[in-house]
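K.L.:
Okay, sequence plus prediction incoming.
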Amino acid sequence: MSAAAWLNHALCTDPADRPAAEAAISQLYTELNTPPPEFVWVGSPSAAATVVPPSPPLFSDGPVLFESRLATKISELRNRLPRKQLMTGVGPVVAMIRAAVGTSLGLHWHGQHDIHWVVHVHEPNPWATITRSCGWWWPREQVCVLSERPLVQHTEPGDDRDLRLHCADGPAVAYPDGFTVHAWHGTRVPSWVIDDPTVDRIAAETNVEVRRCAIERIGWDAFIDQAELRPVGRADDPGNPGAELRLYDLPYARWGRPTRLLLAVNGSVERDGTRRRYGLRVPPWFDDPIDAAGWTYGLTGRQYQQLLRRT
């Protein structure tokens, strides 16, 4: 099977093939001389938090936990694979879903999102079946909890052949039980950033990255108009030929303290060939955009003018 076909399995939003997943996992239990478990299905990784049995402390006395023995078996299998050929792709997707779940559930595996190593296992094994059949899963001695696959997975190309979550008009990931993850070009954001971004919500947001994403969702020109930003000055950017620096006054009543906004253009080109605009808060005493730009680098305006090019 080609790498593209495997990636299609990773991004599949069809209902899980429960009989196939249960049969493959039962085979793993049998290979470790353990009777097949009771299977419990949940609608999302988040829902697993309420049903996965707690594991004893990792270094407690007693027999080695089943999940630990399974992890050892997997490590032995993966260590036989050529490391430099491991496929990238869905790592950032896994990381963002894990962050959104917001809790640690002990040892678990990612089902369809484990393609980065399963794709390279050519010997007969149940892992390929699991990857093609279900979402995340948590094996324990007597019970195995499995998650359904998402109903929605929206991604775009990221860096180093990775994918990143992004959707401009709804959740980037949505599961059958209602659990969702919203993302803007790979940054996890609250749902309001996508569904209902407003100037007041942006002004109240303390996370700089979330604020940036919300402004980009509205669009800089629309945001400047809706926020009633007063232009202070503009100048050609000496550190970024062909780009312009713009300085705006932020209304005190909405932003809480006197401050100004420097709107600049990123020196690096995005994957689609565009250059992203971004805003930086600067002290209210700056009237010259070049002085304000220099301040963001710890330089004077005169020193900033000597830069050949910034990034």
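P.N.:
That came through fine.

K.L.:
If we ignore the residues flanking it in sequence, what's nearest residue 169?
P.N.:
Closest residue to residue 169 apart from its sequence neighbours, by CB to CB, 6 or more residues apart in numbering: residue 194 at 7.0 Å. From N, CA and C alone the C-beta is placed, and that goes for glycine too.

K.L.:
For that neighbour, list the residues it contacts.
P.N.:
Applying CB atoms under 8 Å, 6 or more residues apart in numbering to residue 194 gives the contacts 167, 168, 169, 170, 171, 182, 184, 217.

K.L.:
Quick check: the first one vs residue 7, distance?
P.N.:
Computed as CB to CB, to the nearest Å, the residue 167 to residue 7 distance reads 18 Å.

K.L.:
next one: the fifth one
P.N.:
Separation of residue 171 from residue 7 (CB to CB) stands at 21 Å.

K.L.:
now swap in the second one and tell me
P.N.:
Remark: distance between residue 168 and residue 7 (CB to CB) = 22 Å.

K.L.:
neighbour count winner among the two?
P.N.:
Neighbour tally, residue 168 and residue 7, criterion other CB atoms under 10 Å: the higher count belongs to residue 7, 18 against 12.

K.L.:
wait, doesn't the more buried one sit right on residue 115?
P.N.:
Yes - using CB atoms under 8 Å, residue 7 is in contact with residue 115, at 6.7 Å.

K.L.:
who touches both of the two?
P.N.:
89, 90.

K.L.:
Give me the phi and psi for the residue nearest to residue 175 when sequence neighbours are not counted.
P.N.:
Excluding the flanking residues, the one nearest residue 175 by CB to CB, 6+ apart is residue 44, at 3.4 Å. Main-chain torsions, residue 44, degrees, to the nearest 10: phi -170, psi 160.

K.L.:
neighbouring contacts of the helix or strand harbouring residue 92?
P.N.:
If you go by DSSP states H and E, residue 92 is part of helix 91-101. With contact meaning CB under 8 Å, 6+ apart, helix 91-101 is reached by 45-46, 49, 110, 113, 116, 153, 155, 158, 162-165, 173, 179, 181, 183, 186, 188.

K.L.:
Show me which parts of it are buried, residue by residue.
P.N.:
91, 92, 93, 94, 96, 97, 98, 100, 101 (16 or more other CB atoms under 10 Å).

K.L.:
Which strands or helices does whichever helix or strand comes after it pack on?
P.N.:
If you walk from helix 91-101 toward the C-terminus, the next helix or strand you reach (DSSP H and E) is helix 115-118. Judged by 3 or more CB pairs under 8 Å, 6 or more residues apart in numbering; DSSP states H and E, helix 115-118 is in contact with helix 3-10, helix 127-133.

K.L.:
Pick the most buried one from the ones you listed.
P.N.:
Ranked by mean neighbour count, the helices and strands packed on helix 115-118 are led by helix 127-133 with a mean of 22 (mean count of other CB atoms under 10 Å).

K.L.:
hmm, who's touching that one?
P.N.:
Residues contacting helix 127-133 (CB under 8 Å, 6+ apart): 6, 9-10, 12, 16-18, 20-21, 23-25, 77, 109, 111-112, 114-115, 118, 121, 137.

K.L.:
Run through the residues that contact the residue nearest to residue 144 when sequence neighbours are not counted.
P.N.:
Leaving aside its sequence neighbours, residue 144 sits nearest to residue 37 (CB to CB, 6+ apart; 4.4 Å). Applying CB under 8 Å, 6+ apart to residue 37 gives the contacts 25, 26, 29, 139, 140, 141, 142, 143, 144.

K.L.:
Show the contacting residues for the last one.
P.N.:
Meaning residue 144. Neighbour list for residue 144: 25, 37, 38, 39, 40, 137, 138 [criterion: CB under 8 Å, 6+ apart].

K.L.:
Would you mind writing the CA trace of the helix or strand harbouring the first one as PDB?
P.N.:
When secondary structure is defined using DSSP H and E, the element that contains residue 25 is helix 18-31. Only the C-alpha atoms of helix 18-31 are listed here, as PDB (Å, rounded to 0.1, in the frame of the first residue of the first chain):
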ATOM      1  CA  ARG A  18     -15.600  -2.500  15.200                       C
ATOM      2  CA  PRO A  19     -15.400  -6.300  14.400                       C
ATOM      3  CA  ALA A  20     -12.000  -5.900  12.600                       C
ATOM      4  CA  ALA A  21     -10.500  -3.700  15.300                       C
ATOM      5  CA  GLU A  22     -11.700  -6.100  18.100                       C
ATOM      6  CA  ALA A  23     -10.400  -9.100  16.300                       C
ATOM      7  CA  ALA A  24      -6.900  -7.500  15.700                       C
ATOM      8  CA  ILE A  25      -6.600  -6.400  19.300                       C
ATOM      9  CA  SER A  26      -7.700  -9.800  20.600                       C
ATOM     10  CA  GLN A  27      -4.900 -11.300  18.500                       C
ATOM     11  CA  LEU A  28      -2.400  -9.000  20.400                       C
ATOM     12  CA  TYR A  29      -3.800 -10.100  23.700                       C
ATOM     13  CA  THR A  30      -3.400 -13.800  22.600                       C
ATOM     14  CA  GLU A  31       0.200 -13.200  21.600                       C
END
